[in-house]
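1. This is the structure alone, sequence omitted:
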């Protein structure tokens, strides 16, 4: 018998968000707000002259059109040059109808565009602003990017680039959280709020397990536990996450080890035995064994 799923909550239904944020964190955060029910409008600059590949003034549209398309599903896009009087008129027409303004400019750029919080709050008392910046405080004007924010939080390994844009996507999550905070504040207090989302702080939050020592080399989640490893198998790799005692016990039983005590799971000989056993199995066989024995495991090419 299948259970009927309850309806998905849409806590931002009825909320109107105007976004000026380009590239990744702002649009990704805006899309999350749209999925929570918000009516989302994005005001973009005109496409650069001569940029044939650009479909808009958002750089994402030229360097990754597929990502741009996904990020803007359900988002109403309008175009205005905020450096012109006509563009400013268009902006304020949209601001007058918005509950939340989302930006991703440096503070000095916001000031030049007449979008300081002091001016905005005076003109639109119930409007909230969520400002995405690189770093907080005195570093707000400092140049940076996802990669530098990860580096300063020791999340870069060797010369390898990260598999994804952790600071940007962490910032997008924090952005949608900030919008929820702003809306709740306005409903409780009757006036808008100003909130900053710093990408460097998003990276720092993601880095906390590393700071605590949980993922450092040789630690429980950093290679010290034989059941939490990446091993070779016959036709690829196998990611094993048998960390909890009951999962470790099932893994050891399959391998033929007598017990799965904490001491055994941190022993080099155990890692060797598990690695030898896995190396003789195909991905298909390991996935079947994992399903039959309820072991967290995933294979890779």
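-> Done, it's in. All values derive from a computational prediction rather than experimental measurement. Numbers count the residues shown, from 1 in each chain.

2. Show me which positions of the top helix by length along the chain end up buried.
-> Looking across the chain with DSSP state H, the single longest helix is helix 166-189. Of all the residues in helix 166-189, those buried under the rule 16 or more other CB atoms under 10 Å are 166-176, 178-180, 182-183, 185-186. The C-beta positions use only the backbone N, C-alpha and C, and glycine is treated the same way.

3. what does the following helix or strand past that helix contact?
-> Stepping forward along the backbone from helix 166-189, the first helix or strand reached (DSSP states H and E) is strand 194-198. Defining contact as CB atoms under 8 Å, 6 or more residues apart in numbering, one finds that strand 194-198 is touched by 25, 29, 117, 121, 128-136, 171, 174-175, 178, 181-182.

4. do you know how far the residue of the chain positioned farthest from its centre is from residue 264?
-> Relative to the mean C-alpha coordinate of the chain, counting by CA atoms, centre = their mean, the farthest residue is residue 258 (42.0 Å). With distances defined as CB to CB, to the nearest Å, the gap from residue 258 to residue 264 amounts to 8 Å.

5. again with residue 192
-> In this view, residue 192 and residue 264 are 58 Å apart by CB to CB.

6. Look at the two and report which has more neighbours.
-> Just comparing residue 192 and residue 264: by other CB atoms under 10 Å the higher neighbour count belongs to residue 192, 22 against 17.

7. residue ranges of the strands in the chain, please?
-> Ranges of strands in the chain, per DSSP state E, are 16-19, 39-44, 76-79, 100-103, 128-133, 194-198, 228-233, 236-241, 297-300.

8. Now render those strands as TSV, adding mean neighbour count and distance to residue 277.
-> Below are the strands of the chain laid out as TSV (neighbours: other CB atoms under 10 Å; distance: least, CB to CB, whole Å):
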stretch	mean neighbour count	distance to residue 277
strand 16-19	23	52
strand 39-44	21	52
strand 76-79	14	55
strand 100-103	26	52
strand 128-133	26	48
strand 194-198	20	46
strand 228-233	17	9
strand 236-241	18	10
strand 297-300	16	13
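
9. Residue 205 reaches residue 170, doesn't it?
-> Yes - Residue 205 sits in contact with residue 170 when judged by CB atoms under 8 Å, with a separation of 6.5 Å.
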